[in-house]
Each structure stands twice: as C-alpha cells, then as structure tokens.
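Novice: Please work out how this folds:
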Amino acid sequence: MITFKAVTPKGTIVNEEVKSIYGTSVLGDFTLLPKHMPVVYQMVPCRIALTKEDGTKENFAMSTGFLYFDEDKATLLTDAFEPEDQIDVGRAQAALQRAEDKLAHPTEEIDIPRAKRARTRAMVRLKVANLKNRKKS
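Specialist: Purely as a prediction, here's the structure:
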C-alpha cells in the first residue's frame, strides 16, 4: 500500500492508504504502484484517481503542483485539490465560460496565458464532476 497525502494552502485534504495513484505530470500520464522508484513530478491540472484496497476509486480535480514519491509514501503539494463530490459544477461552468469569452475576444488587458490556465482548470473540474455523475447512472 501507498500512504498518499494531498496538501494545499488550506491544509491536508487527504491522508490515506491506497493501492495506486493515477495522474498527469508535464511528462504525461502516470500510475504509481507500491515499490515504485523514487520520483518527483511537476503536475499539471488533472484528475487524480486513487484506487483503494477494495478496488474502488476516488477521483479528485487538482491544479498545478508537485508530487514526491519515495518508500511507498506520496506527498502532493498543490494549490487546489477537490474531491469529485465537492465540485461546484455551476461555478466551474461559469469559470469555463469566462475563460472562453476572454480567449475569443482578446484585448491588451487580457492575460492570455492566465485565461488558458483558467480554462484548463475548469475543464478538469467539469471532467471529474462528470465522472461522479456517470457512477450514479
């Protein structure tokens, strides 16, 4: 088992034992299993999937950050880490619309890279929230 800890500026969000961790770094998608070699990943906004001992999965939306893994311990430092059941879909849709509006009508005052990052974060949050809705059906 892997001890997984997710830490944001608000404190520790998750601290639990898991069988595997799936996520996306600047190098691409990865899955960490017990006994994996030590790694440090620079994370991009993505879905983090934690597989529990019984095989069930927990999905989270995260922003950028760093994940450190060594000796079956994983620590994720990130600005935001939201469980799928706590994502405010209306807020994420509004953020996506604002970002797309800014990108569709750029002006000198608009920070294009920031708008692109906001769009990506909103899309990840909506994707993870949609996974929760699929489980219910």
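
Novice: How far does the helix or strand containing residue 117 sit from its chain's centre?
Specialist: Assigning secondary structure by DSSP states H and E places residue 117 in helix 112-136. In terms of Cα atoms, centre = their mean, to the nearest Å, the centre of helix 112-136 is set 9 Å apart from its chain centre.

Novice: which residues are contacting it?
Specialist: By Cβ atoms under 8 Å, 6 or more residues apart in numbering, the list of residues contacting helix 112-136 from outside reads 44-47, 59-63, 80, 82, 84-85, 87, 89, 92-93, 95-96, 98-100, 102-103, 106. Where you see a C-beta, it was placed from the backbone N, CA and C, and this is true even at glycine.

Novice: Mind doing that once more with 10 Å?
Specialist: In this structure, residues lying in contact with helix 112-136 by Cβ atoms under 10 Å, 6 or more residues apart in numbering are 24, 44-49, 57, 59-64, 79-80, 82-89, 91-104, 106, 111.

Novice: how is the chain carved up into domains?
Specialist: The chain breaks down into these structural domains: 2-83, 87-136 (assignment by automatic domain parsing).
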